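Undergrad: Quick one, fold the following:
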Amino acid sequence: MKNIYKTILQNKEENRKMLAVLLDPDQCRGSILASTIAALKSHVPDFIFVGGSHTVSSVDLFVELLREETQASIVLFPGNASQFSTKANALLYLSLLSGRNAEFLIGQHITSSIPIKKSEIEVIPTGYLLIDGGKPSSVEYISNTRPIPRDKKEIALSTAVAAELLGMQMVYLEAGSGAAVPVPAEVIHYVKSGLSIPLVVGGGIKTIEQLKIAFEAGADLVVVGNVFETEPTKIADFVECARLFGEDL
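TA: Next up, the predicted model:
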């Protein structure tokens with residue numbers, strides 16, 4: 001079985017940027033689902049992330065469909081313990097370190113730990129940092145935590161380094177699904193400068209230019225999702241941009 005984290009580390013070492021297409025089973029349905037699968041068949045991203053802050057549809061059935069219809073590795077990006085599926089290739093074991101709600105620091109992990117251990121799914125412990133995205137996000141509301149202010153890059157770096165020292169394998173800077181603005185480039189760059197582990201960035205990225213800015217600032221892996229919920233054909237442009245990025249560097 002393919003080791004997702006080793007692939008991420010290898011790509012990071014080679015400075016090859018990565019793209020994950022984020023799909024929420026509640027939002028990706030009907031004609032949008034059909035168009036999304038068609039786009040993913042012709043333009044395969046590095047990963048497909050599956051999850052959402054308040055997903056109620058069956059994650060298991062959704063992942064099974066994606067495994068049958070696409071070639072990309074499927075990684076769970078769960079909003080809570082109920083969004084677990086043994087059919088995925090890997091799981092981001094998220095700890096919301098930017099907040100002080102124990103439920104999302106460790107509570108959900110205790111609830112899900114035994115089934116996850118028994119499943120033998122690849123687990124990637126990830127420090128999850130919510131950054132102010134310009135408007136209240138679903139993550140902020142559901143987790144009952146406040147995001148790190150956009151101008152407090154020192155707090156973001158300190159929190160990210162704490163994640164690394166705690167043994168987490170990645171740090172994820174998240175502006176929130178549908179954020180008005182992405183994580184600032186200066187925050188990405190500042191956090192990247194102090195980390196040895198891979199840096200993931202997501203939330204509010206709606207254009208190719210914003211994708212390039214995140215890559216240039218230091219993101220190893222960028223997650224894009226909300227824009228594809230209405231325009232799944234744009235997947236092709238984003239996948240191609242990630243593939244070509246850096247070839248001329």
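Undergrad: Pairing partners for Leu22 in the sheet, please.
TA: Phe49 (DSSP bridges).
Undergrad: Now do the contacts for it.
TA: 48-51, 77, 177, 202, 223-226, 228 (CB atoms under 8 Å, 6 or more residues apart in numbering). Any C-beta I mention is one placed from the backbone N, CA and C, and that applies to glycine too.
Undergrad: Selection in ChimeraX covering whichever of these are buried, please.
TA: Buried members of the contacts of Leu22, defined by 16 or more other CB atoms under 10 Å, are picked up in ChimeraX with:
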select :48,49,50,51,77,177,202,223,224,225,226,228
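Undergrad: which SS state does Asn15 fall under?
TA: coil (DSSP: H, G, I helix; E, B strand; the rest coil).
Undergrad: residues near it, how many?
TA: Neighbour count of Asn15, defined by other CB atoms under 10 Å: 10.
Undergrad: separation between it and Val224?
TA: Here the criterion is CB to CB, to the nearest Å. By it, Asn15 lies 20 Å from Val224.
Undergrad: do the same with Phe215
TA: The gap separating Phe215 from Val224 is 12 Å, by CB to CB.
Undergrad: Surely Ile208 and Phe238 touch.
TA: Yes: under the criterion of CB atoms under 8 Å, Ile208 is in contact with Phe238, at a separation of 6.8 Å.
Undergrad: Of those two, give the one with the bigger neighbour count.
TA: Under the criterion of other CB under 10 Å, the comparison of Ile208 against Phe238 puts Phe238 first, with 22 against 15.
Undergrad: I'd like the next helix or strand past the strand ranked longest in the chain.
TA: Longest strand in the chain, counting residues (DSSP state E): strand 122-130. Per DSSP states H and E, the first helix or strand lying C-terminal to strand 122-130 is helix 138-143.
Undergrad: Using PDB, list the CA coordinates for that next one.
TA: Provided in PDB are the C-alpha atoms of helix 138-143 (Å, rounded to 0.1, in the frame of the first residue of the first chain):
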ATOM      1  CA  SER A 138     -17.800  26.800  10.000                       C
ATOM      2  CA  VAL A 139     -14.700  25.500  11.700                       C
ATOM      3  CA  GLU A 140     -14.800  28.400  14.100                       C
ATOM      4  CA  TYR A 141     -18.500  28.000  14.900                       C
ATOM      5  CA  ILE A 142     -18.500  24.200  15.200                       C
ATOM      6  CA  SER A 143     -15.200  24.000  17.300                       C
END
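Undergrad: Could you pull up the mean pLDDT of that helix?
TA: Across helix 138-143, pLDDT averages out at 90.
Undergrad: packing partners for it?
TA: strand 122-130 (3 or more CB pairs under 8 Å, 6 or more residues apart in numbering; DSSP states H and E).
Undergrad: go again using 7 Å as the cut-off
TA: Packing partners of helix 138-143 (3 or more CB pairs under 7 Å, 6 or more residues apart in numbering; DSSP states H and E): none among the helices and strands.
Undergrad: what about it, distance to the chain center?
TA: Taking CA atoms, centre = their mean, to the nearest Å, the mean C-alpha location of helix 138-143 is offset from the chain mean by 16 Å.
Undergrad: Could you list the buried residues of it?
TA: Buried residues in helix 138-143, counted by 16+ other CB under 10 Å: 139-140, 143.
Undergrad: What lies in contact with it?
TA: With CB atoms under 7 Å, 6 or more residues apart in numbering as the test, helix 138-143 has contacts from 53-54, 79, 96, 99, 101, 104, 130, 146-147, 174, 176-177.
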